[in-house]
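In: Okay, predicted coordinates and the sequence, questions at the end:
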There are 2 protein chains.
Amino acid sequence: MSKLTLKDIAAHFKVSISTVSKAINDSHEISQKLKAKIQKFAQENHYKPNKVAINLRNRSTRNIGVVIPNILNYFFVQVLYGIEQVANNRGYNIISCTSNQSIEKEAKTLELLSYGSVDGLIISSVATESQIKNHAEGMKELVDSQIPIAMFDRVTDLIDCDKVIVDDFEAGYKATKYFLDTGCQTIAIVTPIDHTEISRLRTEGYRKALKERNIPFDEKLILPVGIDDDLEFLLSFILNDNQIDGILAFDEITTVKVMTIVKARGYQVPNDISIIGFTNGQLSKYVTPSLTMVSQHGAYIGETVASLLINRLENKEVSEPFETRIVKTSLIVRDSTRKIPMD
Amino acid sequence: MSKLTLKDIAAHFKVSISTVSKAINDSHEISQKLKAKIQKFAQENHYKPNKVAINLRNRSTRNIGVVIPNILNYFFVQVLYGIEQVANNRGYNIISCTSNQSIEKEAKTLELLSYGSVDGLIISSVATESQIKNHAEGMKELVDSQIPIAMFDRVTDLIDCDKVIVDDFEAGYKATKYFLDTGCQTIAIVTPIDHTEISRLRTEGYRKALKERNIPFDEKLILPVGIDDDLEFLLSFILNDNQIDGILAFDEITTVKVMTIVKARGYQVPNDISIIGFTNGQLSKYVTPSLTMVSQHGAYIGETVASLLINRLENKEVSEPFETRIVKTSLIVRDSTRKIPMD
DNA sequence: AAAATTTTCGAAAACGCTTTCGTAATTTTT
DNA sequence: AAAAATTACGAAAGCGTTTTCGAAAATTTT
């Protein structure tokens, strides 16, 4: 009834457990006849070695924990997809957990996983720098727990580990430059991830592009939006008070919403107002007009971060210095921006 | 350097391992003084009980394996989300694996997981009935392996377990009826999941609705599309040869594509051609016109299937008969269908 | 045929933990 | 003060494997 173990087989043949173990692993120490008998029996009775026991003996689980802020966000799903590809190829399973933007849940999850269910962790933290400092005990413990970690996208200097990040500065710069090159002058930013390093970097890139054209930076054009905020209401201030001709939004769903609102207020996209957004997911291609987006190459990021982690797991002796890979973004030009004038 | 174990602590205090174990678990068998000392030491040195060892002893992992066809499909992500909610609440972690529509990978994954990494499995199989029969050995072994299973959406009679399915028959019926009630007469079906039971049931519902209005069923109006097929090309035949005024598509991305193609060919949606699709995901709300969709309540399905499985895991003695829950769909009416005439 | 070698198997330890049970030491009860 | 009860700890078994080492049995070599 319950699962078949080596012991059961041993009892059945009246031999020792070690003999059965060797027979099943086809060791030369066991005679052909006996091996054949045992192997046949094991096969017929669906013997499966107990992985937990093997894990205990090997002191490894071949599991990798992945903690992401939100599984309903297409970017993270893409990364997860990439992680799974290489992990499975290299014989690891993924234990994925979402923190749902909750720092408490993230901390709890990390603690749980660090109890030995996984060989390593891949994290994109919901916490901001300051929050990490507050929850420093938890994070500190995690690092102390010696479990190899790799981070991506939402990383922090407070943790020393391999990292894969997006070149968000350049992304902000490139997007802004594209606005300027297509004749836009007054560009607003809508960020649902204010207070994150990512948001800061993109904005820095934006400022650099403006500066190159001697356009003064205007704080009022940066619009942070909370998760429950009324986007239409907030956006109306910016649209009313300024002569906006470009909007840069920091995630896909926000970009689509912004576009819908702008259209509803009678603006033409892209002629009156151009729009560029972050994360080239499933939405942006099919809305009308289709949206020009910054692709962060999520799957590639996932593959990279998984490779980094697994390499480290499998070369425990050679402790190379931690590595930070920066992946460039691409601008996928569609119909929410004007064409670059040919001359 | 390596992880702290009970043995290390025992050595440090020159007591036995069992004493340390009891002290850390705050057993009354240990004196307050000693407990205090040991607990303090454990805390300061970040002692974490080794979960693998505990799992071995308890003969349980508190992991649930989830195998879904495609993580980039929003319906499955929603289900996964629902599963994770209840699983985490009840103290389980999720090991998620995607089969990427590959039967081989699905079989391999299931075999891997059945080796004892998980206490139970939640499956939505990519395999069709006939394929399961071919791969029957694998599936049979899985069932033989005694590991509790729950299936959802893509289920099969060949496996006896708890199931959560969508009322696809009724969904097909309701959608078709809505077409008819809004004046559509000639309704095509576009199915990217032909040969699945789900597709068959939806089509049955469609036929029932037609029959009620004495509209003959026309095989030519059913358009199966493969994953790499040129949808526009295939669709053109149907559009050219018939006076279509309604199209029912069986997944979200296909629905959006159909709408785009139909619009591009100069038809008005919904006036010339109405469109209803399956899976109320992120896309359908934001495309133009927004799409009337059949919501399958993915998160709810996930919650339900996880509850069923965990209940079974935790009541091993009382082996209740397997249960099949049928969840009703809802029609989310938007702008790709005409209004129901008021009288 | 004796010696040397090889083959074939089993005992035991180890992975890290929990728990039962036994026992010495301490405290309480009579 | 002796008996009874309680407290405080340790030994050992067990969860299911793998692996090292020892030893008996079979085979080969002299």
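Out: Noted; the coordinates are in hand.
In: State the mean pLDDT of the one helix or strand residue A:169 maps to.
Out: Using DSSP states H and E, residue A:169 maps to helix A:168-181. Helix A:168-181 shows a mean pLDDT of 98.
In: same question, stretch A:3-10
Out: 94.
In: So for it, what gets flagged as buried?
Out: The neighbour-count check on stretch A:3-10 (16 or more other C-beta atoms under 10 Å in any protein chain shown) flags A:4, A:5, A:6, A:9, A:10 as buried. C-beta here means a position set from N, CA and C on the backbone, and glycine is covered the same way.
In: now for those residues, which pair is the farthest apart?
Out: The distance between the two most remote of the buried residues of stretch A:3-10 (C-beta to C-beta) is 11.0 Å, for A:4 and A:10.
In: which residues in chain A form helices?
Out: A:6-13, A:17-24, A:32-44, A:51-58, A:74-89, A:103-113, A:129-134, A:136-144, A:168-181, A:197-212, A:231-241, A:252-264, A:283-286, A:298-314 (DSSP state H).
In: Distance to chain B added to the ones you listed, as TSV?
Out: Formatted as TSV, the helices of chain A follow (distance: least, C-beta to the nearest C-beta, whole Å):
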stretch	distance to chain B
helix A:6-13	13
helix A:17-24	13
helix A:32-44	10
helix A:51-58	4
helix A:74-89	6
helix A:103-113	7
helix A:129-134	18
helix A:136-144	5
helix A:168-181	21
helix A:197-212	21
helix A:231-241	13
helix A:252-264	5
helix A:283-286	5
helix A:298-314	10
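In: Distance to residue A:158 added to the buried residues of stretch A:3-10, as a markdown table?
Out: Shown next, in a markdown table, are the buried residues of stretch A:3-10 (distance: C-beta to C-beta, whole Å):
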| residue | distance to residue A:158 |
| --- | --- |
| A:4 | 48 |
| A:5 | 46 |
| A:6 | 46 |
| A:9 | 51 |
| A:10 | 52 |
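In: what would those residues look like in JSON lines with distance to DNA strand C?
Out: Below are the buried residues of stretch A:3-10 laid out as JSON lines (distance: C-beta to the nearest atom of the strand, whole Å):
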{"residue": "A:4", "distance to DNA strand C": "18"}
{"residue": "A:5", "distance to DNA strand C": "13"}
{"residue": "A:6", "distance to DNA strand C": "10"}
{"residue": "A:9", "distance to DNA strand C": "11"}
{"residue": "A:10", "distance to DNA strand C": "7"}
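In: ok, which of those also contact DNA strand D?
Out: Contacts with DNA strand D within the buried residues of stretch A:3-10, counted by C-beta under 7 Å from any atom of the strand: A:5, A:6.
In: show me what contacts residue A:178?
Out: Residue A:178 is in contact with A:276, A:292, A:331, A:333, A:337, A:340, counting by C-beta atoms under 8 Å, 6 or more residues apart in numbering or on different chains.
In: In those residues, which has the lowest confidence score?
Out: residue A:340 (85).
In: returning to that earlier point: could you check the angle helix A:197-212 makes with the helix holding residue A:169?
Out: Here the directions of helix A:168-181 and helix A:197-212 differ by 40 degrees (axes from the mean of the first three to the mean of the last three C-alpha atoms, to 10 degrees).
In: list the buried ones in helix A:168-181?
Out: Going by neighbour count (16+ other C-beta under 10 Å), the buried part of helix A:168-181 is A:168-180.
In: Which residue would be the closest one in the stretch 201-343 of chain A to chain B?
Out: Distance from chain B to each residue of the stretch 201-343 of chain A (C-beta to the nearest C-beta) is smallest for residue A:288, at 4.3 Å.
In: So that residue versus residue A:259, what's the distance?
Out: 9 Å (C-beta to C-beta, to the nearest Å).
In: picking that back up, next, the contact list for the residue of the stretch 201-343 of chain A closest to chain B, please.
Out: Counting by C-beta under 8 Å, 6+ apart, residue A:288 has contacts B:287, B:288.
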